[in-house]
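J.: model the structure of this input:
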Amino acid sequence: MAAAVARRADIAAKERINAWTVGLAGGLIEGAPLRLAAEIARVVNEKDKLHVIPIVTRGATENVNSLLNLRGVDTAIINTDALDDYKAQVPLICALSTF
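T.: Numbers count the residues shown, from 1 in each chain. Reported below is the predicted structural model:
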């Protein structure tokens with residue numbers, strides 16, 4: 001009985017933490033956007049209330065792909081020229097985009 005209660009409490013704590021976790025695609029490890037993502041995480045993280053996780057990607061255009069397709073990526077740092085590049089790579093996006 002006590003083990004079941006402890007297990008439920010553990011599951012509830014994990015769900016609470018994950019509910020307020022945000023994945024932020026930042027870009028290349030040596031790039032400025034990832035440093036910005038790390039700084040955003042440092043400033044906004046609040047113990048059990050919000051947890052931002054900077055994610056290394058292959059660059060700004062890849063951040064768009066990650067945001068659209070990867071589980072766990074909730075936000076992304078994207079340059080405007082990356083959006084133009086992405087539009088050129090994926091013609092369907094041009095028809096659907098509002099940016």
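J.: show me where the chain has strands.
T.: With DSSP state E as the criterion, the chain has strands at 21-27, 51-56, 75-76.
J.: which one of the ones you listed is the most hemmed in?
T.: Each of the strands of the chain was given a mean neighbour count from mean count of other C-beta atoms under 10 Å, and the largest, a mean of 22, is that of strand 21-27. Heads up, the C-betas are built off the backbone N, CA and C, glycines and all.
J.: quick one on the thing from earlier: reformat the strands of the chain as a markdown table; add distance to Ala37 and mean pLDDT.
T.: Shown next, in a markdown table, are the strands of the chain (distance: least, C-beta to C-beta, whole Å; pLDDT from 0 to 100):
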| stretch | distance to Ala37 | mean pLDDT |
| --- | --- | --- |
| strand 21-27 | 3 | 95 |
| strand 51-56 | 4 | 96 |
| strand 75-76 | 9 | 95 |
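J.: which parts of this structure are helices?
T.: 2-19, 32-44, 60-69, 80-89, 91-96 (DSSP state H).
J.: just the C-alphas of the third one, formatted as PDB.
T.: This file holds the C-alpha atoms of helix 60-69, laid out as PDB (Å, rounded to 0.1, in the frame of the first residue of the first chain):
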ATOM      1  CA  ALA A  60      18.300  27.900 -38.200                       C
ATOM      2  CA  THR A  61      16.500  26.100 -41.100                       C
ATOM      3  CA  GLU A  62      16.700  22.900 -39.200                       C
ATOM      4  CA  ASN A  63      15.000  24.700 -36.200                       C
ATOM      5  CA  VAL A  64      11.900  25.100 -38.500                       C
ATOM      6  CA  ASN A  65      11.900  21.400 -39.300                       C
ATOM      7  CA  SER A  66      12.400  20.600 -35.600                       C
ATOM      8  CA  LEU A  67       9.600  22.900 -34.500                       C
ATOM      9  CA  LEU A  68       7.200  21.400 -37.100                       C
ATOM     10  CA  ASN A  69       8.100  17.700 -36.700                       C
END
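J.: packing partners for that helix?
T.: Counting contacts by 3 or more C-beta pairs under 8 Å, 6 or more residues apart in numbering; DSSP states H and E, helix 60-69 packs against strand 21-27, strand 75-76, helix 80-89.
J.: quick one: closest of those to Ile55.
T.: The closest of those to Ile55 is strand 21-27. By C-beta to C-beta, the value is 4.9 Å.
J.: alright, calling it a day.
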